[in-house]
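> Let me see the structure of the following:
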Amino acid sequence: MILELSATIAIVMQDRAPLHAAPAASSPTLTSLWQGDVLEIRGERAGYLKVYDYRRERGGFLKEDTVRVVGLTESDAAELLAVLRFLRDTPGSEALGISYGAAYLKAAPAAAVSAEPLDAIARMAERLADQASGRAADPVVAAAHVEVVQQFGIRMKSFERQGRMQMCYDGDLYRRVLSQTGASDEERARAALGLTRTDCIDPNLGPVPRAALGLTRTDCIDPNLGPVPRAAVDEEREQLLETINEEKLSPLLRSRLHARRAGVLAAIAFEQAHRREPAAATAQRALNEVLSVHADELGDDRRAEYQDAMLRVGAMRWAAQLRPVHTGFLALTVAPGQPGQTCVTLKDSRQPKVAAVAQRCTYGIVWLASAQSFAQDQALVLAVQPLESWRELWVFHARAGGWTVDVLSPGLNEPEEGYVDFAGFAPGTRRLLLAREVKDHGRFRRRFEELRLDDLALVHQASTPELLPDFGRWQDVDWRRESFALR
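Now for the predicted structure:
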């Protein structure tokens, strides 16, 4: 992973360090160097080092106080490792830390290299990729640091997600950590977490919508649609996470591991249901994993991982429900529609001469166990899940002498993650009670709403149900017990 280095090098310590044409501050600036840039030393003059930058194929003069001269002999390895240990947990110093890590791997004998430096470099590469994805205070600096570390074989992959570019470390050193027989449980756990990030899966892998396939069997996907089906990626992620022994992990890593397993299992449960295979057992495992997370152990910087897992499992919770399908005056039936479609038909036993009072088709998964009538059988709700982490609510309701079907989504923007739950009905005010959770451009939002049943217009909304009077009296008992919106 390292470029060829001479026995002594200079590592740039500052961003935007000017490389001059002559050993004088007044001389023209040839280019700006960034922390972590590695230079060959070719001389010294008047407080300046004469250097050559192989990355840019350019020589010049650099002030001595902007660099650190580093030896690459075996005797220098201990000092380089000490600096690497210091920098690995210093935000903003990732490029510098990776340069020192590369220098250590060059100086240390191959037999003496443990999993520790590989783990440290991989963690810094992952943080740097996150910064380059828009989480850095200065995106220009983050992009420059990515270019610096590429000279050491650190590879990044990027793709568009939700209208912005996502950059991810390719995980090569994490794989090397897992292959090290002496790697600690914590190092192995960090490697597994680094290799199983959901946001680092290429969205082009799928799952491919049934509408695009024109098929009902996902095992008939055209191989030209992508080299690796998304289902295979999730199976590999689950197997990797299952190899990690959590007994000796810190509380933080243990909770992160449970949260990651929960999200992966929720994805697998969706894929099983999409293939019309039993998914209840997998969905229940996902529920158990997310309930094993201790949120107070994650801290503010890792709480988003828990929220992400809760949202994904919350969207899939109906897969674990085995309660009987709704019975009463209103009855739902499902049947195949166009290739890949499921058509839902609503019948009203009070209108025996009418074959169906309402019908709607979808390429998503219809969770019949979620069907529930209310308003004296003048309305019925049904959960439908078109995407792995996106669950909508269909509202069948009588209106102007007929029936209509309205679809309520978790949010208004492009689907990322979210779900909407039926939370109850207030008969006196004829208000539908809803709970919505959504992830929109990386931010998690939860809100509780009261809608008029007649036209589904928003009446009230709040961040907690306690602020809405109808929730206190009319919220659904099953929703209160099973929903993730109250956790």
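> mind checking pLDDT for the closest residue to residue 248 other than its chain neighbours?
Distances taken as C-beta to C-beta, 6 or more residues apart in numbering place residue 185 nearest to residue 248, at 4.7 Å, with adjacent residues excluded. (C-beta placed from N, C-alpha, C; glycine too.) Residue 185 carries a pLDDT value of 96.
> which residues touch residue 185?
Applying C-beta atoms under 8 Å, 6 or more residues apart in numbering to residue 185 gives the contacts 244-249.
> Now that we have these, which of them are buried?
Applying 16 or more other C-beta atoms under 10 Å to those, the neighbour count classes 244, 249 as buried.
> Dump the contacts of residue 185 to a markdown table, plus distance to residue 312.
Formatted as a markdown table, these follow (distance: C-beta to C-beta, whole Å):
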| residue | distance to residue 312 |
| --- | --- |
| 244 | 20 |
| 245 | 24 |
| 246 | 20 |
| 247 | 26 |
| 248 | 27 |
| 249 | 22 |
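> which ones among the contacts of residue 185 are found in helices?
Among the contacts of residue 185, DSSP state H puts none in helices.
> Let me know the closest of the contacts of residue 185 to residue 337.
Using C-beta to C-beta, residue 244 comes nearest to residue 337 of those, at 42.9 Å.
> how close does the residue nearest to residue 248 sit to residue 177?
12 Å (C-beta to C-beta, to the nearest Å).
> List the contacts of the most centrally placed residue in the chain.
By C-alpha atoms, centre = their mean, the mean C-alpha position of the chain lies nearest to residue 199, the distance being 3.4 Å. Shown in contact with residue 199 (C-beta under 8 Å, 6+ apart): 161, 166, 168.
> Counting only strands, which of the residues you listed make the cut?
161, 166, 168 (DSSP state E).
> Show the buried residues in those.
By 16+ other C-beta under 10 Å, these give 161, 166, 168 as buried.
> Redo the residues you listed as JSON lines? Include distance to residue 132 and pLDDT.
Formatted as JSON lines, those follow (distance: C-beta to C-beta, whole Å; pLDDT from 0 to 100):
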{"residue": "161", "distance to residue 132": "14", "pLDDT": "75"}
{"residue": "166", "distance to residue 132": "9", "pLDDT": "88"}
{"residue": "168", "distance to residue 132": "9", "pLDDT": "95"}
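> nearest to residue 394, of the residues you listed?
residue 161 (27.5 Å).
> isn't the closest one right up against residue 203?
Yes. Between residue 161 and residue 203 there is a contact under C-beta atoms under 8 Å: 5.8 Å.
> Now do the helices in the chain.
So, for the chain - with DSSP H - the helices run 77-87, 94-107, 115-130, 139-150, 172-179, 185-195, 210-213, 230-242, 251-274, 280-291, 303-315, 469-474, 477-482.
> possible to save these as JSON lines with distance to residue 374?
JSON lines is the format used below for the helices of the chain (distance: least, C-beta to C-beta, whole Å):
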{"stretch": "helix 77-87", "distance to residue 374": "59"}
{"stretch": "helix 94-107", "distance to residue 374": "54"}
{"stretch": "helix 115-130", "distance to residue 374": "45"}
{"stretch": "helix 139-150", "distance to residue 374": "50"}
{"stretch": "helix 172-179", "distance to residue 374": "50"}
{"stretch": "helix 185-195", "distance to residue 374": "43"}
{"stretch": "helix 210-213", "distance to residue 374": "31"}
{"stretch": "helix 230-242", "distance to residue 374": "36"}
{"stretch": "helix 251-274", "distance to residue 374": "26"}
{"stretch": "helix 280-291", "distance to residue 374": "25"}
{"stretch": "helix 303-315", "distance to residue 374": "22"}
{"stretch": "helix 469-474", "distance to residue 374": "10"}
{"stretch": "helix 477-482", "distance to residue 374": "12"}
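> Residue 297 is nearest to which of those helices?
The nearest among the helices of the chain, by C-beta to C-beta, is helix 251-274 at 4.2 Å.
> Pull out the buried positions in that closest one.
Buried, per 16+ other C-beta under 10 Å, within helix 251-274: 253-274.
> ok, back up a step: deepest of the helices of the chain, which one?
Among the helices of the chain, helix 94-107 has the highest mean neighbour count (mean count of other C-beta atoms under 10 Å), at a mean of 27.
> helices and strands around that one, which ones?
Where contact means 3 or more C-beta pairs under 8 Å, 6 or more residues apart in numbering; DSSP states H and E, helix 94-107 is packed against strand 8-12, strand 38-45, strand 67-71, helix 77-87, helix 115-130, helix 139-150.
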